[in-house]
Each structure stands twice: as structure tokens, then as C-alpha cells.
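# Generate coordinates for the sequence data below:
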Amino acid sequence: MSGATETFYSVIRRQGITRRSFHKFCSLTASSFGLGPLAASRIANALETKPRMPVIWLHGLECTCCSESFIRSAHPLIKDVLLSMISLDYDDMIMAAAGHQAEAILEEARLRYKGRYVLAVEGNPPLNEEGMFCIDGGKPFVERLRWMAESSMAVIAWGTCASWGCVQAAKPNPTGAVPIDKVITDKPIVKVPGCPPIAEVMTGLVTFITTFGRLPELDRQGRPKMFYSERIHDKCYRRSHFDAGQFVEAWDDECARKGYCLYKMGCKGPTTYNACSALRWNGGVSFPIQSGHGCFGCSEDGFWDKGSFYDRLTTIQQFGIEKNADQIGMAAAGAVGLTVAAHAAITAVKRLTHKPDRAVRKDKPT
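Sure thing, here's the model as predicted:
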């Protein structure tokens with residue numbers, strides 16, 4: 001039985017996993033997706049009956065940080081994803097084969113799973129000089145990308161490089177690097193931005209596609225809503241300090257030691273959509289803001305070209321609820337006083353304007 005025709009259940013049973021543990025895994029998976037209790041049985045049925053999904057993983061212009069993140073997943077463990085849930089038939093970074101042997105494997109997988117495999121792409125294609133800034137297997141990567149996408153079921157754009165272009169596409173972009181949706185226009189593309197994406201976001205997406213045999217619901221930019229529907233700001237544990245107007249003014253000042261909001265230090269959390277503040281990194285241990293550094297906004301389009309990482313956002317309004325009742329009362333009283341004064345001035349002007357008319361009317365005989 002070939003790897004892509006086996007089911008997830010048959011593989012884990014052969015590894016000695018009990019049925020009880022299998023159902024526990026299905027329940028935890030349903031919970032992680034925010035699904036109801038009945039979804040666990042649907043997940044179990046899918047993993048028992050559906051063959052493992054074949055995945056082809058390509059690398060363009062990138063630094064492999066997405067792969068580095070992916071192999072550190074803790075929920076589920078990466079060994080379960082790679083050895084049980086999917087059939088990773090090609091990934092030139094981690095596979096043993098190389099050269100002509102690797103090319104033969106890629107060709108065979110493309111023909112065997114035509115229309116059924118998921119093409120996972122890490123990095124992006126450069127278009128200048130006919131794509132010669134990135135060569136894969138003796139050919140421009142953009143040609144390899146088009147060739148493999150043609151027979152795929154869908155495409156996953158791993159990381160900000162594949163999703164938006166990242167640093168390769170930053171100005172002045174001498175290689176002409178572009179996100180993959182500028183090249184592939186006839187296939188469904190799931191964007192998973194981040195530099196890199198969170199490990200559990202990556203494996204969670206793979207788990208969803210493997211379990212349900214379809215792509216998750218996407219937002220208008222092509223990102224999975226289950227991971228990119230909220231801003232980091234929305235669930236940040238420093239949010240209460242933002243609302244209270246309590247900010248770090250300088251690195252390692254007293255406010256920084258108290259854990260105040262990092263907005264004034266350039267934190268992009270209020271404009272960045274990602275799951276960092278909910279899932280966090282390294283198995284849920286921490287995330288940049290918790291470690292004392294503001295968000296770079298690395299999962300947003302064009303974040304390299306939006307000025308310094310430490311420039312303060314200027315379009316965000318704070319509530320400033322730390323103002324006490326006396327301050328608010330004085331402000332309100334001042335506003336009322338100005339209104340009364342303005343009203344009095346307008347009334348006086350009107351009286352002066354109409355006074356000559358009244359004087360003329362008094363001189364007339366009654």
C-alpha cells in the first residue's frame with residue numbers, strides 16, 4: 001500500500017496507538033478548531049476512511065524559516081503530521097534524494113496524484129531576467145511553480161514571502177519578486193502569512209484539509225479565518241493598559257517593567273491580523289509582546305516598506321480611561337462654559353443687529 005492510499009487511522013494503529021487515544025485526538029482536534037461535540041465523530045470517520053493527502057512542498061526565494069517553524073509544532077506533533085496525517089512526497093529541503101533522483105520523484109508524484117495533491121509553496125518567484133534569480137532543478141523557479149500548480153488541487157502559500165512578497169519584494173525589488181498569486185491565478189490559494197507563521201497555524205491548516213477534504217473558510221485576502229480573523233491587539237494581555245492610556249515611553253523604563261502597552265514603542269498589534277496573542281509560540285510559551293518587544297506586523301502586506309519597525313502608528317485613537325472623574329468633570333464643565341459663552345455672544349450680536357429697527361418703530365405714532 002503506497003503512502004498516499006493509507007488512511008491516518010491505519011498508520012497510527014500500526015504504530016501501536018490505541019483506539020481510545022485516537023478518539024481523544026479527534027476530540028482535541030475538534031476543540032482546537034472551535035467545533036461542536038458532534039464534529040469529533042466526523043473527524044474520526046474521515047481519518048478512518050479517507051486516504052492520506054499527498055503534499056508537494058516547493059521552495060523559492062526564502063530563508064526556510066517557515067519549515068523551521070513547521071517542524072517545531074507541538075499540537076499536533078510534527079512527527080504525527082509528516083508520518084501519519086499527510087504523505088509528504090517531495091520536499092527538497094528535508095528529503096534524502098537529490099539531483100536526478102529528486103526530479104524523478106517530483107515527476108512521478110505529479111502524474112500519480114494529478115488533481116489530488118496540495119502544492120505547498122515556501123518563498124516566492126522572481127520574474128526579472130526571465131526568473132534567473134532563482135533556479136530550481138536547472139530551470140527558473142517560476143516555471144517549476146507553474147508546472148506543479150497546473151496539476152494540483154490547491155496551493156498553500158506558506159509565510160509572508162509566498163503570501164505578500166516579504167523582504168524580497170521590498171523596494172527597490174531588483175529581482176522582481178512577487179507573491180505567488182501574481183503567477184498562479186487559476187487555482188485556489190490559501191495564504192498563511194507570518195515571518196514565519198506560527199507552527200500550530202501551519203499544522204492546524206494541514207489537519208483541517210486532511211480531515212475534511214476541503215479548504216477552510218477564507219477571508220477576503222485569502223487567509224484562513226480560523227487563524228486570521230482577529231487582530232493581535234484584540235487578545236493581547238496588555239490591551240487593558242492600552243485602554244487605560246498606560247504606555248511604555250522608553251525601553252526598560254518603569255512602565256516597561258510594569259508591563260504597560262508597547263504601542264508608543266512602535267507595536268503594530270492594533271493593525272496586524274494573526275493568532276500570536278492566542279496561540280503564542282514554542283508550544284504556547286510566549287510571543288514577542290509578552291517577551292517585551294512590540295509586534296512588527298510581519299503577517300501584513302508590505303510590512304518591510306512601512307517605515308521603521310519602531311515608528312509609532314498615528315491612526316489609532318486611545319480611550320484614556322485613566323482620567324479620573326474630576327478631570328472629566330472639569331473638561332465637561334469647560335466645554336459647557338464655552339458653549340454658554342458662544343450662545344451669549346451670538347445673542348448679543350442679534351440684539352445689536354435688530355436694535356435700530358426697534359428704535360424706528362418707537363418714533364412712529366400709535
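
# Now for Asn274: which residues touch it?
Pro193, Gly194, Ile198, Phe227, Tyr228, Ile232, Ser299 (C-beta atoms under 8 Å, 6 or more residues apart in numbering). Just so you know, the C-beta spots here come from the backbone N, C-alpha and C atoms, and that holds for glycine as well.

# again, only this time at 6 Å
By C-beta atoms under 6 Å, 6 or more residues apart in numbering, the residues touching Asn274 are Ile232, Ser299.

# cool, the one 3 residues further on as well?
For Ser277, the set of contacting residues under the criterion of C-beta under 6 Å, 6+ apart consists of Ile232, Lys235, Cys236.

# Just among those, which is most surrounded?
Within these, neighbour counts (other C-beta atoms under 10 Å) peak at Ile232, which reaches 25 neighbours.

# ok, for that one, nearest residue in space, not its chain neighbours?
Nearest non-adjacent residue to Ile232, counting by C-beta to C-beta, 6 or more residues apart in numbering: Gly269, 4.1 Å away.

# As a check, name the ranges of all helices in the stretch 201-350 of the chain.
Taking DSSP state H, counting those that start in this stretch, the helices of the stretch 201-350 of the chain run over residues 225-228, 239-243, 254-257, 276-279, 325-363.

# Check the stretch 1-150 of the chain too.
Along the stretch 1-150 of the chain, counting by DSSP H, counting those that start in this stretch, helices occupy 8-14, 19-32, 39-49, 65-70, 78-80, 99-112, 141-150.

# Now render those helices as TSV, adding mean pLDDT.
Below are these laid out as TSV (pLDDT from 0 to 100):
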stretch	mean pLDDT
helix 8-14	78
helix 19-32	80
helix 39-49	80
helix 65-70	95
helix 78-80	81
helix 99-112	93
helix 141-150	97
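
# for those, which one sits closest to Tyr260?
Between Tyr260 and the helices of the stretch 1-150 of the chain, the tightest spacing by C-beta to C-beta is seen for helix 65-70, at 29.2 Å.

# Tell me which residues are up against that closest one.
Met93, Glu122, Trp158, Gly159, Pro196, Ala199, Met202.

# so which two of the residues you listed are the farthest from each other?
Met93 and Ala199 (15.8 Å).

# Settle it for me: which of the two has more neighbours?
The neighbour comparison of Met93 against Ala199 (other C-beta under 10 Å) goes to Ala199, with 22 against 13.

# Show the contacting residues for the more buried one.
Contacts were defined as C-beta under 6 Å, 6+ apart; by that measure Ala199 touches Ser69, Arg72, Ser73.

# give me that answer again for 7 Å
Ser69, Phe70, Arg72, Ser73 (C-beta atoms under 7 Å, 6 or more residues apart in numbering).

# Of these, which is the nearest to Trp251?
Ser69 (26.9 Å).

# Near the closest one, how many other residues are there?
Ser69 has 22 neighbouring residues, counting by other C-beta under 10 Å.

# Then Lys182?
Neighbours of Lys182 (other C-beta under 10 Å): 13.

# give me every residue that touches it.
With C-beta under 7 Å, 6+ apart, Lys182 has no contacts at all.

# Residues touching stretch 143-157, excluding its own?
Contacts to stretch 143-157, defined as C-beta under 7 Å, 6+ apart, come from residues 56, 58, 60, 110, 114-121, 125, 131, 136-137, 163, 179-180, 183-184, 187-192, 215.
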